[in-house]
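In: A predicted structure for the sequence below; I have some questions about it.
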Amino acid sequence: MFIRNLFKHIKISQSCQISLCYSQNHTPQPLRSIKAKSTRDSVQFYIDSCAVRVEAGNGGDGCISFLSAWCKEHAGPDGGDGGHGGHVIFQATHKVRSLNHLNSVIRAKNGEKGYNKDCCGKNADHVIVPVPLGTIVKDPHGSVVADLDREGVMFVAARGGAGGRGNKFFLTDTQQAPDVAELGGAGEAARYRVALRSMAHVGLVGLPNAGKSSLLRAATRARPTVAPYPFTTLRPHIGMVQYDDYEQVAVADLPGLIPGSHKNYGLGIQFLQHIERCKGLIYLLDGSNEPKQQYRVLMHEIQQYSSDLARRPSVVVVNKIDLEEARQNYEGMREEMDVIGISAKTGLNLRELLKIVRAIYDSDSKCDK
């Protein structure tokens with residue numbers, strides 16, 4: 001399986017040259033960033049699910065006041081109303097890609113109290129929290145209360161309290177000197193689980209030490225940890241591949257999969273849930289260590305977890321073909337199935353792979369339309 005349902009877009013020659021068949025004359029080419037990568041030691045993790053507590057602002061209290069003018073000692077009540085408390089609102093936008101910016105507690109400000117001379121308190125500003133498109137919000141019981149799948153869609157997570165009314169409001173024909181006012185209403189407080197339904201366009205799937213982090217480093221500006229031992233990646237990392245038509249494709253480096261993951265071995269279901277949020281998959285195989293067996297394990301685990309997930313657009317990639325043993329295994333696999341060989345270390349065939357990634361992204365975009 002090279003790219004499911006995409007053979008009409010891609011032609012593979014015997015010399016491993018990839019050509020994409022677009023209706024346009026121009027084929028988008030991946031760009032190599034000329035800006036140096038950061039040298040910071042701190043690694044930025046990609047957060048795609050988190051628990052938050054939201055607290056809306058309380059309303060301001062109403063004021064009790066009586067006007068005393070020089071020409072009229074008892075001019076009547078003039079206590080103003082309190083301001084309304086701020087809401088906490090989640091808004092979907094394309095400007096953010098992850099939930100890294102979310103705090104565990106999100107608070108809105110309280111409304112201002114009322115003043116004399118009929119001066120009302122100021123309403124508090126709403127706290128609008130930007131979240132990526134495809135964010136879902138669940139209550140503590142696990143029920144989905146909001147699906148923010150379109151640009152600009154909002155969900156009011158907590159409503160601010162109403163401002164209390166001053167004693168001027170209670171003035172009537174029979175009650176000329178009311179000495180009562182309302183307290184401001186309490187703002188709502190709630191707990192939610194916020195998660196991304198679609199974390200990346202393409203996800204890297206493979207056994208531990210297949211070279212997923214190395215490939216992400218080579219193709220993007222992301223800096224996941226690379227080390228010669230299993231499970232160096234315990235959280236997803238996201239890198240953006242830029243093309244010359246200004247399109248950006250998000251590629252996710254996911255934790256390694258092991259046999260029995262569908263039974264919750266290793267990172268288990270948590271790992272498979274990360275895959276489920278990707279629109280396309282890259283099956284990355286270590287060419288120096290029985291790549292055919294690796295591919296069978298990957299397909300078995302994903303099919304056992306979700307048959308729909310196994311049918312998503314995908315490409316099989318054999319890594320480390322700069323090694324002689326890996327290249328021989330790659331040549332053997334080419335005779336049996338559609339596969340592309342790369343070397344994340346040297347960059348061999350990396351440009352061809354990124355063209356295929358763009359084809360997966362374009363096919364999914366057409367399906368959404």
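Out: Arrived safely, thanks for sending.
In: name the element the nearest residue in space to residue 139 that is not next to it in sequence belongs to?
Out: When the adjacent residues along the chain are set aside, residue 139 lies closest to residue 145, with 5.3 Å between them (CB to CB, 6 or more residues apart in numbering). Just so you know, the C-beta spots here come from the backbone N, C-alpha and C atoms, and that holds for glycine as well. Per DSSP states H and E, residue 145 falls inside strand 144-148.
In: need the pLDDT of the residue nearest the centre of the chain.
Out: Nearest to the mean C-alpha position of the chain, counting by CA atoms, centre = their mean, stands residue 98 at 3.6 Å. Per-residue pLDDT puts residue 98 at 81.
In: tell me how far it lies from residue 70.
Out: 63 Å (CB to CB, to the nearest Å).
In: residue 361 is in contact with residue 202, correct?
Out: Yes: under the criterion of CB atoms under 8 Å, residue 202 makes contact with residue 361 at 7.1 Å.
In: any common contacting residues for those two?
Out: Common contacts of residue 202 and residue 361, defined by CB atoms under 8 Å, 6 or more residues apart in numbering, comprise 249, 279-280.
In: can you redo the residues you listed as a markdown table with pLDDT?
Out: Shown next, in a markdown table, are the shared contacts of residue 202 and residue 361 (pLDDT from 0 to 100):
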| residue | pLDDT |
| --- | --- |
| 249 | 87 |
| 279 | 82 |
| 280 | 87 |
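In: where does the stretch 1-150 of the chain have low pLDDT?
Out: Low-confidence regions of the stretch 1-150 of the chain, defined by pLDDT under 70, span residues 1-26, 32-46, 73-74.
In: can you show me the helices along it?
Out: In the stretch 1-150 of the chain, no segments count as helices under DSSP state H, counting those that start in this stretch.
In: equivalent analysis for the stretch 201-350 of the chain, please.
Out: Using DSSP H, counting those that start in this stretch, helices in the stretch 201-350 of the chain cover 212-219, 268-276, 291-305, 307-310, 324-334, 350-368.
In: closest one to residue 236 among those helices?
Out: helix 268-276 (5.6 Å; CB to CB).
In: quick one: average pLDDT of the closest one?
Out: 63.
In: returning to what we had before: mark which of the shared contacts of residue 202 and residue 361 are buried, thanks.
Out: 249, 279-280 (16 or more other CB atoms under 10 Å).
In: from residue 78, how far out is the residue of the chain positioned farthest from its centre?
Out: Within the chain, residue 71 marks the point farthest from the mean C-alpha position, 65.1 Å out by CA atoms, centre = their mean. Here residue 71 is placed at a distance of 15 Å from residue 78 (CB to CB).
In: got the domain boundaries for this structure?
Out: The chain breaks down into these domains under automatic domain parsing: 10-46+199-368, 49-196.
In: now residue 112: closest residue in space that isn't a chain neighbour?
Out: residue 121 (3.4 Å).
In: what about that neighbour, neighbour count?
Out: Residues near residue 121, counting by other CB atoms under 10 Å, number 25.
In: dump the residue contacts of it.
Out: 60, 80-83, 111-115, 163.
In: and for residue 70?
Out: Counting by CB under 8 Å, 6+ apart, residue 70 has no contacts.
In: phi, psi for it please.
Out: When read as degrees, to the nearest 10, the backbone of residue 70 gives phi -70, psi -30.
In: from residue 177, how far out is it?
Out: According to CB to CB, residue 70 stands 19 Å off from residue 177.
In: just to revisit the earlier point, want to throw the helices of the stretch 201-350 of the chain into CSV with mean neighbour count and distance to residue 188?
Out: Shown next, in CSV, are these (neighbours: other CB atoms under 10 Å; distance: least, CB to CB, whole Å):
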stretch, mean neighbour count, distance to residue 188
helix 212-219, 23, 41
helix 268-276, 19, 29
helix 291-305, 18, 37
helix 307-310, 13, 37
helix 324-334, 16, 57
helix 350-368, 18, 34
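In: out of these, flag the one nearest residue 245.
Out: helix 350-368 (9.3 Å).
In: which helices and strands sit right next to the closest one?
Out: Contacts defined by 3 or more CB pairs under 8 Å, 6 or more residues apart in numbering; DSSP states H and E place helix 350-368 against strand 18-20, strand 200-205, helix 212-219, strand 237-242, strand 248-253, strand 278-286, strand 314-319, strand 340-341.
In: mind putting these in JSON lines, distance to residue 190 included?
Out: Formatted as JSON lines, the helices and strands packed on helix 350-368 follow (distance: least, CB to CB, whole Å):
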{"stretch": "strand 18-20", "distance to residue 190": "48"}
{"stretch": "strand 200-205", "distance to residue 190": "29"}
{"stretch": "helix 212-219", "distance to residue 190": "36"}
{"stretch": "strand 237-242", "distance to residue 190": "28"}
{"stretch": "strand 248-253", "distance to residue 190": "30"}
{"stretch": "strand 278-286", "distance to residue 190": "30"}
{"stretch": "strand 314-319", "distance to residue 190": "39"}
{"stretch": "strand 340-341", "distance to residue 190": "48"}
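In: among these, which gets the worst mean confidence?
Out: Mean pLDDT values for those show the minimum at strand 18-20, a mean of 33.
In: quick one: residues contacting the residue lying closest to residue 219 once chain neighbours are set aside.
Out: Residue nearest to residue 219 in three dimensions, not counting chain neighbours: residue 241, with 5.8 Å by CB to CB, 6+ apart. If a contact means CB under 8 Å, 6+ apart, then residue 241 has 30, 219-220, 248-251, 354, 357-358 as its contacts.
In: in the sheet, who's paired with residue 241?
Out: For residue 241, the beta-bridge partners are residue 249 (DSSP bridges).
In: for it, give its distance to residue 275.
Out: 19 Å.
In: burial of residue 221, as a residue count?
Out: So residue 221, with other CB under 10 Å, has 15 neighbours.
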